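Q: kindly generate the corresponding structure for this input.
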Amino acid sequence: MTYYVMFEGRVPGVYEEWEECKKQVHKFSGNCYKGYPTRHEAVAKWRTYQSNKSKMKMKIFLVLSLLLTIVAAVLYFIVV
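A: Reported below is the predicted structural model:
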């Protein structure tokens, strides 16, 4: 049996049947999925993907916060 991980699609996650996964990726622009031979491997890949995605969001948040702080400081010194 093959397990499918849908990384990008309508409802991302782990699927046990191709037809179910196909419904979620069909005509979805930018879809991303892959089949794995065991459920354990599929779930591990899904968790790794989710963890990396969370880390990336945190980095983006920190960079934007830093930029906003810098802009605010520059504007403060220009106005004062």
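
Q: every contact and neighbour count from this point should use C-alpha atoms.
A: Fine.

Q: what's the weakest-modelled helix or strand in this structure?
A: Ranked by mean pLDDT, DSSP states H and E, the weakest helix or strand in the chain is helix 18-25, scoring a mean of 91.

Q: need the contact partners of it.
A: Helix 18-25 has contacts (C-alpha atoms under 8 Å, 6 or more residues apart in numbering) with 3, 4, 6, 9, 10, 11, 15, 31, 32.

Q: kindly report the same for stretch 33-41.
A: By C-alpha under 8 Å, 6+ apart, the surrounding residues in contact with stretch 33-41 are 1, 2, 3, 4, 5, 6, 7, 8, 42.

Q: list the buried residues in that stretch.
A: 33, 35, 36, 39 (16 or more other C-alpha atoms under 10 Å).

Q: from these, which has minimum pLDDT?
A: Comparing pLDDT over the buried residues of stretch 33-41, the lowest score belongs to residue 33 (92).

Q: and that residue, which of the three is it?
A: What DSSP: H, G, I helix; E, B strand; the rest coil gives for residue 33 is strand.

Q: which strand or helix spans residue 78?
A: helix 39-79 (DSSP states H and E).

Q: and if you look at residue 29?
A: Judged by DSSP H and E, residue 29 forms part of no helix or strand.

Q: what about it, distance to residue 9?
A: Distance, residue 29 to residue 9, by C-alpha to C-alpha, to the nearest Å: 8 Å.

Q: got it, and residue 78?
A: 46 Å.

Q: who's more crowded, these two?
A: The neighbour comparison of residue 78 against residue 9 (other C-alpha atoms under 10 Å) goes to residue 9, with 20 against 8.

Q: for residue 45, see how far away the residue nearest to the spatial centre of the chain is.
A: In the chain, the centroid-proximal residue (C-alpha atoms, centre = their mean) is residue 53; its distance is 4.4 Å. Using C-alpha to C-alpha, residue 53 is found at 12 Å from residue 45.
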